[in-house]
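Chemist: Sequence first, predicted model second:
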Amino acid sequence: MYKILTYNNISVAGLERLARDRYEVASEIQHPDAILLRSFDLHGVAIPDSVRCIGRAGVGVNNIPVEECSRRGIPVFNAPGGNANAVKELVIAGMLLAARHICEAWDFARSLSGDDETVSRAVEQGKKRFAGTELAGKTLGVLGLGAVGVRVANAAVSLGMNVIGFDPALTVDRAWELSASVSRAAGIDDSIARSDFISLHLPLNGETRHMIGAARLEAAKKGAVLLNFSRAGIVDEPSVCAALDEGRLSAYVSDFPTSGLMGRKGVLLLPHLGASTAEAEDNCAAMVADQIRDFLENGNIRNSVNYPTVEMPRGEGHRIGVANENVPNRVSQISAALGEANLNILELVNKSRGEYAYTLIDLNAEVPPTVMDRIRKIPGVLSVHSISNHPSSATAAFQD
Ligand SMILES: NC(=O)C1=CN([C@@H]2O[C@H](COP(=O)(O)OP(=O)(O)OC[C@H]3O[C@@H](n4cnc5c(N)ncnc54)[C@H](O)[C@@H]3O)[C@@H](O)[C@H]2O)C=CC1
Ligand SMILES: O=C(O)CCC(=O)C(=O)O
């Protein structure tokens, strides 16, 4: 039995891919083989030695100590694109909420009382306070043209907006998906300076933390709207508040409430709802469940954020998977240890990604525990697993 420790509620569409006869899935479990989670903050949590992989049923992995996992030979999987449409739709809603003052108007309408005539008079009198602007003809700057950013950009084009975008690492696939009407901004500053709406769609990491600060916001058009459906830490919150106070920004729409933003004029907060649709939850859970299963049962790695993609069709051989530092001579030492034990390699795939590498090896016989230990002790080897010979039919549930 494989044991899966869950944090957060995971969609049944994902859980049911982990067959009950082979998987025990629970929020409390001893010696888990894998952890399956959404936004739970894993920083500071002791990850048991038994854990072989971690699956994030979503995209952002800033809640996971990825570097520690890499050093321990633990692949971290996510679900690229699995929730992108859900986020896109909420971003469009966010632009409309801000442009048409919908939240304030909603509060006003709910506060009305009296007979129909009184209400009608109050409506006609009060509505002028909520007159807004249209999206058509306005400029949207999209920072980060990945799965979400491209969808937001294309949807905004279809609403009649002028869209400019910036992504220093735009992939060829995303470029193909992007509407030809989206123009390329010279950089972040250029995007901000030219936009009526600025939408952030990039990961939170060392490079992007507090990327949107005072200097950049000073260049914004007066009354611009900033939308943040990425992560709170990408903006420097005091600078955003100052820009709102000065009228430089007319609204800050964020999926990440903080105490400093609560109740502040011009701030529209949603409770991290971007990916909370039945469809997105199903997509993400199914994708990571398949990836975890394929790793535990076949040693294959797909959609990992820290290890290379390595997939090898399952044959008759006995399989081991080895994660190691990406330094010369590791594979030769591993194969020497196997050869000295009279084991014959049938197939071998070795791939690297940055500082780390992963090797899948099919052998003519099972690797005895003493040989596994010997491989484990090779300097730079981070994890070694024997992968029992039960070919899995894990298939991708969702193709982005
Ligand atoms: N509110 C919510 O519920 C959700 C939030 N997210 C957040 O949105 C982020 C983006 O999601 P996806 O589009 O699916 O990810 P993605 O990985 O497909 O795209 C991210 C893009 O950002 C670009 N990028 C990285 N650094 C950049 C920089 N300095 N300037 C401009 N672009 C930069 C990358 O090149 C990449 O194309 C996630 O990392 C996550 O933090 C994602 C899903 C749901
Ligand atoms: O699981 C969730 O609701 C959060 C989604 C998210 O923020 C992400 O996928 O990065």
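Modeler: Right, received. Where do you want to start? Ligands and ions are numbered 1, 2, ... in the order given.

Chemist: so what's Glu134 up against?
Modeler: Counting by C-beta atoms under 8 Å, 6 or more residues apart in numbering, Glu134 makes contact with Ala99. Just so you know, the C-beta spots here come from the backbone N, C-alpha and C atoms, and that holds for glycine as well.

Chemist: Repeat that for the one 5 residues further on.
Modeler: When contacts are counted by C-beta under 8 Å, 6+ apart, Thr139 touches 161-164, 194-197.

Chemist: nearest spatial neighbour of it, skipping sequence neighbours?
Modeler: In this structure, Thr139 finds its nearest non-sequential neighbour in Asn162, 4.6 Å apart by C-beta to C-beta, 6 or more residues apart in numbering.

Chemist: Can you tell me how far the one you found is from Leu145?
Modeler: 16 Å (C-beta to C-beta, to the nearest Å).

Chemist: re the thing from before, any chance of the backbone angles for the residue nearest to Thr139?
Modeler: According to degrees, to the nearest 10, the main-chain angles of Asn162 amount to phi -90, psi 130.

Chemist: and it, how many neighbours does it have?
Modeler: Neighbouring residues of Asn162 were enumerated by other C-beta atoms under 10 Å; the total is 18.

Chemist: try Glu347
Modeler: Residues within reach of Glu347, counting by other C-beta under 10 Å, total 14.

Chemist: Shouldn't it be within a helix?
Modeler: No - the assignment for Glu347 (DSSP: H, G, I helix; E, B strand; the rest coil) gives strand, which keeps it out of a helix.

Chemist: Now do it against Arg374, distance only.
Modeler: As for Glu347, its distance to Arg374 is 21 Å (criterion: C-beta to C-beta).

Chemist: Kindly report the same for Asn342.
Modeler: The gap separating Asn342 from Arg374 is 13 Å, by C-beta to C-beta.

Chemist: So between the two, which is more surrounded?
Modeler: Neighbours per residue (other C-beta under 10 Å) separate Asn342 from Arg374, with Arg374 holding more: 20 against 9.

Chemist: That one against Ala337, yeah?
Modeler: Yes - using C-beta atoms under 8 Å, Arg374 is in contact with Ala337, at 4.9 Å.

Chemist: and Phe130, how many neighbours?
Modeler: When neighbours are defined as other C-beta under 10 Å, Phe130 has 16 of them.

Chemist: Hmm, it is touching Ala105, no?
Modeler: Yes - with contact taken as C-beta under 8 Å, Phe130 and Ala105 are classed as touching, separated by 4.0 Å.

Chemist: Close to ligand 1: what parts of the stretch 251-400 of the chain are there?
Modeler: Taking C-beta under 6 Å from any ligand atom as the measure of proximity, the stretch 251-400 of the chain contacts ligand 1 at 255, 272, 274-275.

Chemist: ok, the residues you listed vs ligand 2, which is closest?
Modeler: The shortest gap between ligand 2 and any of those belongs to Ala275, at 3.6 Å (C-beta to the nearest ligand atom).

Chemist: which residues touch the closest one?
Modeler: Counting by C-beta under 8 Å, 6+ apart, Ala275 makes contact with 58-59, 83, 86-87, 281, 284.

Chemist: how does it look with 6 Å?
Modeler: Taking C-beta atoms under 6 Å, 6 or more residues apart in numbering as the definition of contact, the neighbours of Ala275 are 58, 83, 86.

Chemist: Please apply the same query to Phe77.
Modeler: For Phe77, the set of contacting residues under the criterion of C-beta under 6 Å, 6+ apart consists of 55, 288, 291, 303-304.

Chemist: Between which two of those is the distance greatest?
Modeler: Val288 and Ser304 (10.7 Å; C-beta to C-beta).

Chemist: more neighbours, the two?
Modeler: The residue with the greater number of neighbours, taking Val288 and Ser304 and applying other C-beta under 10 Å, is Val288; the counts read 29 against 25.

Chemist: Need the phi and psi values for the residue in the stretch 1-150 of the chain that ligand 1 sits nearest to.
Modeler: With C-beta to the nearest ligand atom as the measure, Gly146 is the residue of the stretch 1-150 of the chain nearest to ligand 1, at 1.7 Å. Recorded main-chain torsions at Gly146 are phi -100, psi -150, according to degrees, to the nearest 10.

Chemist: quick one: pLDDT of it?
Modeler: The predicted local confidence for Gly146 comes out at a pLDDT of 98.

Chemist: which among the contacts of Thr139 end up buried?
Modeler: Among those, those buried by neighbour count (16 or more other C-beta atoms under 10 Å) are 161-164, 194-197.

Chemist: of those residues, closest to ligand 1?
Modeler: Relative to ligand 1, the closest of the buried ones among the contacts of Thr139 is Ile164; by C-beta to the nearest ligand atom it sits at 12.5 Å.

Chemist: quick one, what contacts that closest one?
Modeler: 141, 183, 185, 191.

Chemist: and what of Gln291?
Modeler: 77, 302-303.
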